[in-house]
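Peer 1: from the sequence below, what's the structure:
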Amino acid sequence: MKKQTLALACLVAGLAAGCGGESSPATQSPSFAATVTTSSAAGTATGSRWMNVKFGGSGYVPGLVFHPTSPNVLYARTDMGGSYRWEAATSTWIPITDGFGIREEFFNGAESIALDASDDKRVYLVTGLYDWAGSNGRLYISSDRGDNWTHVDLPFRVGSNDPGRAIGERLMVDPNQSSVLFYGSRTAGLWKSSDHGQNWAQVTSLSSFQYPADQIPSLPGRTSGGIEGVLFDTSSTGAGAATQGIYATVAPDYANAAGLSFSLYKSTDGGASWTGIATPVSGYHIPHMVRARDGMIYMVFTRDIGPGAGGPARLYKFDGSNWTLLKGYDTEQWVNFGLGGLSVHGSGPTTRIALGVTNSWGNWQGQPIVQLSDDAGQSWREIASMTPHTPSGPDFAGWIDDVEIDPNNPDRILHVFGGGVWGTSNASAAAPAWNLDVNGLEETATLGLATPPKGASYTLLRSSGDIGMHVQTELLKTPTRGPRGWFGNGNSADMAWSTPSYIAAIGTPVWNTPNVAGAYSSDSGLSWTAFAANHPDGVANTGGESNIAVTKPGHIVWAPSNSRPAYTTDNGASWSYTNLPALGAVGINRGYRVVADRKNPNKVYAYNSGGAWWNQWSDSAHFWTSTDGGHTFTESTTLTAAGALVADFGHTSLAVNPNAEGDIWLADGFSIFHSTDSGANWTRLAATAPIWGRQPSWMYPEVYGATSIALGRAPAGAAYSSSIYIVGTINGVWGVHRSDDGGVNWRRINDDKHQYAGLGNLAADQSVPGRVFASAAGRGVVFSY
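Peer 2: Prediction:
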């Protein structure tokens, strides 16, 4: 164990030499091959272990679920980046869905989590990213707290990343008879399983209405609230018999479409029949309803669907006959508070209620964020705004769509927000102290990665959706460098290879810097200067297909999405178009991939993947070379002659060998291509092949052959000057594959427990052999060690 710890410490520090690691790469001439053998059996992993590069949270966590009786059994679900289990001993979130494979990316977000009250090891996840995407959801089932999963295909659609994704929980397990599950779907009504989720039937006694498939994409807001929640009333049923009392809440859109007259229904016969219950307000969503020990039901009503719903909003309690208003917010001139999270503890007049106030932004005296009552709603006090938060920088307001009181410790309260989870363990204090509880939780959507040459003072440049671009100096600490606050999405970043302290980055402008779409740093990311001018199309076209290349300090080639690249020689004070062709409309977003040669800064390469080969308006693939720093380019026609296919931008990749001039590697989504003469000639490697299991297969593969490629430091004695890494399929096995001999032999270096529902961008370390960074599907950045 000590030896493993030392090895990890050395790798993280980048100190392979002196720690028993591999030393400098070989310098002999490269060798190439158009065919391939593999050094490992199909399906086996023979390489590295994997872990996250730390950012810490940064993504939305719509729901938290405590086990009702077992202490510290807690789960978190994210909208598009997997699910997690809380590890109390280390105060860390443990990812439990990293074993989801490339075919399961659509199921990497959970719309609901449910636990079995009688078996604290049984966990259910209802998954599926979008209800409008044309695919039904899945139920994943674990009997060991998420270490292993089986799944059942569901007969209805799911929307873990749709509006209203914090509503629920939609999936509930009968606490008296755990084989019985109910699910409130968005578009197909209420469903029931009597065999632990293996088979499902619509509860037509409530409604048989299902939205026609062709109507779902055109629903208002492109989503439906549907049946928003299920609650068991166990007051009249004992353990061992199915609970007869059940409540179900109905969203306004589904009620109107299905002809239902109420937003709340109750069954007293286990769902065989239902009776509508008049509510104090109508036309509202009911994001949460909970039951106290004494049988009192508490229910939140909010006008908007969320996340971060606006009001008006109300909190009521319901004793089965009468409604009592406990809290309410109306729209005012400057604020429009809604209500989201709701949790209760105890019973009677001392019931503790925690209430999340949504669409409440900032941190000011008198602001409601998390309201707490210790007298069943008779009086309230604020416990989040103007209280100590560690760290003090991140936001903690806005999307307070779930609040949970620990059922075994009422002083511990957690709430979600747009960047993860906050928690306090002293909620009864006059000013509770809050901690950002995101250790182990990584939910960034990574759009670009880049690694510097050996000797740089940082390890990784990471460009991400929603949070901009960051310079990672330590892999296991949250980065602090970057043009923080200037970009919404960080699209791309690059450094001058001869002077890696010079970094340039591009992204999407934000409201307070509407004209800043690019910036540069001359001190390794400590300070930043916005480009004095933008690429002429740089603000209008900021899609994820945008990228840049730096040839030397102050000299940059910028390729916005759907645009002709332009170059600057004066740190962005002025821009001139290159002679590359404009990208005409082909029905799909495109972009040039531009990469600077690391040995000769006058050489820049540009690759247009064409669009999508199944799109009849798409272009063909094109490759160009510049010898004047990216000002003018000459096209090579040999790439398509070598067999390169048309593919969309996101399934292609371009990389250079930093140790040899003109040594280029390209992945076109299907195959790997290699040039040793700056793109004048190309060789296709017969290494990868897509899997054509999808129907209709003429559109695109079920699993692509080669989608990302990167080159990094080779081990001592290697036959080629760089290790090559690809994300792709070799011998029918998808994963991250590595070659140390110029592509002759390959071995898979991830295993089936580390598939992350797909891997995107690669960037290989230039200092540590065997270390490669990859963007996981909504799971941040991972690396091999």
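
Peer 1: tell me the helix or strand right after the one helix or strand in the chain whose mean pLDDT sits lowest.
Peer 2: Lowest by mean pLDDT, DSSP states H and E among the helices and strands of the chain is strand 37-38, with a mean of 32. Sequence order places strand 50-53 as the next helix or strand after strand 37-38, per DSSP states H and E.

Peer 1: partners of the following helix or strand past that following strand in the sheet?
Peer 2: Going down the chain from strand 50-53, the next helix or strand is strand 63-66, by DSSP H and E. Its sheet considered, strand 63-66 pairs with strand 74-77 (antiparallel) by DSSP bridges.

Peer 1: chain center to the strand it pairs with, what's the gap?
Peer 2: Centre-to-centre, strand 74-77 and its host chain are 15 Å apart (C-alpha atoms, centre = their mean, to the nearest Å).

Peer 1: other SSEs contacting the helix or strand that it is followed by?
Peer 2: The helix or strand immediately downstream of strand 74-77 is strand 83-87, counting by DSSP H and E. Counting contacts by 3 or more C-beta pairs under 8 Å, 6 or more residues apart in numbering; DSSP states H and E, strand 83-87 packs against strand 74-77, strand 92-95. Quick note: C-beta positions are derived from backbone N, CA and C, even for glycine.

Peer 1: of all those strands, which lies closest to Arg748?
Peer 2: Distance to Arg748, taken as C-beta to C-beta, is lowest for strand 92-95 among these, at 20.3 Å.

Peer 1: the closest one: how far from the chain's middle?
Peer 2: That offset, for strand 92-95, works out to 15 Å (C-alpha atoms, centre = their mean).

Peer 1: strand partners (parallel or antiparallel) of it?
Peer 2: Partners of strand 92-95 in the sheet, by DSSP bridges, are strand 83-87 (antiparallel).

Peer 1: flag every buried residue along the partner strand.
Peer 2: 83-86 (16 or more other C-beta atoms under 10 Å).

Peer 1: about what we covered before: deepest in the core, which of the helices and strands packed on strand 83-87 is it.
Peer 2: strand 74-77 (a mean of 26; mean count of other C-beta atoms under 10 Å).

Peer 1: avg pLDDT for that strand?
Peer 2: For strand 74-77, mean pLDDT is 98.

Peer 1: and stretch 587-606, by the same measure?
Peer 2: Here the average pLDDT along stretch 587-606 is 96.

Peer 1: just the terminal-to-terminal distance for it.
Peer 2: End-to-end distance for stretch 587-606: 21 Å, by C-alpha to C-alpha, to the nearest Å.

Peer 1: same check, this time on stretch 279-294
Peer 2: 21 Å.

Peer 1: make 48 the starting number, not 1.
Peer 2: Yes, from this point I'll number from 48; that puts the last item at stretch 326-341.

Peer 1: for that stretch, what does the pLDDT average out to?
Peer 2: 97.

Peer 1: return the set of buried residues in it.
Peer 2: Buried, per 16+ other C-beta under 10 Å, within stretch 326-341: 326, 328, 331-339.

Peer 1: roughly how far out does it sit from the chain middle?
Peer 2: The answer for stretch 326-341 is 30 Å, by C-alpha atoms, centre = their mean.

Peer 1: same thing with stretch 622-632?
Peer 2: Centre to centre, stretch against its chain (C-alpha atoms, centre = their mean), the figure for stretch 622-632 is 32 Å.

Peer 1: touching that stretch from outside, list them.
Peer 2: 580-583, 604-605, 609-615, 637-639, 653, 655, 664, 666, 669, 671, 673, 677-680 (C-beta atoms under 8 Å, 6 or more residues apart in numbering).
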